[in-house]
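> I need the structure of the sequence given here:
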Amino acid sequence: MWLSKENYILMRSKQLISREIELFYTNASEETRLNKGMGLYEFERIKKLIDKYITSPNLTLIDVGGGTGKYSEWLAKKGHNVHMVEPVEKHVLIAQNRANTLRNKFTVHLGEAKTLNFPDNFADVVILHGPLYHLQKKEDRAAAIGEAKRVLKKDGIILGFAINYSATTLVGLLNGLIHKPSFFEMCKEELNTGIHNPPHNFPWLLAEAYYHRPDELKTEFVEQNLTFINTYAVEGMAWLDKNYFTNMLNDKKKKTLLELVQITENDSSLLSFSPHMMIAAKK
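Model prediction:
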């Protein structure tokens, strides 16, 4: 089902990710994040975006940075051969328990994006869920994208998820946090460099990360000699509705908001209003 005992012990002896990221996810609940608030919509929306590229049955898929396995579970239930890779031990254990309940089980690997334990030309689709925004150095992101390309079959698809460089600033403007000096300093750093480091007085914010400009995200994939297909807004700008959560519970208003997202999802001028983006590229 996953790495051998010997390899598992070896991987545990290495520091797969920074201690700050490991600590953040150990203390936070990634398992419940997609069950409430924006996470509910994020989960459903991302499944719709992934489905655009899961066009054949019985595909081999690698879910890199798959968290606690919710997307891997969904894909396995659709009949695909799914391999999940995740560097956070807590998440790996939860995902393994999730896989064990399925008839079509997905495999769970403790590992990280820059060194994938799969042969060349192995997968039909590679999903990069967390690596692009938890690798602050460009060379590390390039290594992750390069590894995804290596294990991908010819004409295979990479789906990469990124956080927008404007995301925190928009949140700060909406709820007044922009006027907190440390929060504003963080926003300025993100807008100028893409580097995200949470202030000590905001421990609930995401751990160290990298937030992309939409055009920069495209460039990082094209530089790996991948063929760019499209970039999609995940939440789009619909979440800026001041009564978003209430209106998403109203069938008529929800339909309006979802239609807004759909008709603007590839609008390059509006991508920066979406907290998350998905890029699709072909080998």
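
> Parallel or antiparallel, list what pairs with the helix or strand containing Gly160.
Applying DSSP states H and E as the criterion places Gly160 in strand 152-164. The pairing partners recorded for strand 152-164 under DSSP bridges are strand 123-128 (parallel), strand 209-212 (parallel), strand 276-282 (antiparallel).

> Please export the C-alpha coordinates of the second one as PDB.
Included here for strand 209-212 are C-alpha records, laid out as PDB according to Å, rounded to 0.1, in the frame of the first residue of the first chain:
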ATOM      1  CA  ALA A 209       4.900  29.900   1.400                       C
ATOM      2  CA  TYR A 210       5.200  31.400  -2.100                       C
ATOM      3  CA  TYR A 211       2.400  33.300  -3.700                       C
ATOM      4  CA  HIS A 212       2.500  33.500  -7.500                       C
END
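
> mean confidence score for the helix or strand just after that strand?
The helix or strand immediately downstream of strand 209-212 is helix 214-222, counting by DSSP H and E. In this model, helix 214-222 carries a mean pLDDT of 98.

> Pull out the buried residues from the next helix-or-strand element following helix 214-222.
As assigned by DSSP H and E, the chain's next helix or strand after helix 214-222 is strand 227-233. By neighbour count on 16 or more other Cβ atoms under 10 Å, the buried set for strand 227-233 is 229, 231-233. The C-beta positions use only the backbone N, C-alpha and C, and glycine is treated the same way.

> Run the chain-centre distance for the next helix or strand after strand 227-233.
Following strand 227-233 in sequence order, the next helix or strand is helix 244-247 (DSSP H and E). Using Cα atoms, centre = their mean, to the nearest Å, the mean C-alpha position of helix 244-247 is found 24 Å from that of the whole chain.

> name the helices or strands packed onto helix 244-247?
On a contact count with 3 or more Cβ pairs under 8 Å, 6 or more residues apart in numbering; DSSP states H and E, helix 244-247 meets helix 251-264.

> Next, the buried residues of the helix it packs on.
Across helix 251-264, burial judged by 16+ other Cβ under 10 Å covers 257-258, 261, 264.

> Out of the residues you listed, the closest to Gly111 would be?
Checking the buried residues of helix 251-264 against Gly111 by Cβ to Cβ gives Val261 as the nearest, at 33.3 Å.

> residues contacting Thr231?
214, 217-218, 266, 268, 271, 277-280 (Cβ atoms under 8 Å, 6 or more residues apart in numbering).

> how close does it get to Asn164?
Thr231 sits 11 Å away from Asn164, going by Cβ to Cβ, to the nearest Å.

> joint contacts of the two?
214, 271, 277.

> Show me the helices in the stretch 51-200 of the chain, by range?
For the stretch 51-200 of the chain, the helices defined by DSSP state H, counting those that start in this stretch occupy 70-77, 89-100, 131-134, 138-150, 167-175, 181-193.

> Could you say which of those helices is packed most deeply?
Greatest average neighbour count among these goes to helix 131-134 (a mean of 26), per mean count of other Cβ atoms under 10 Å.

> Quick check: which helices or strands does it pack against?
Checking 3+ Cβ pairs under 8 Å, 6+ apart, helix 131-134 ends up next to helix 138-150, strand 152-164, strand 209-212.
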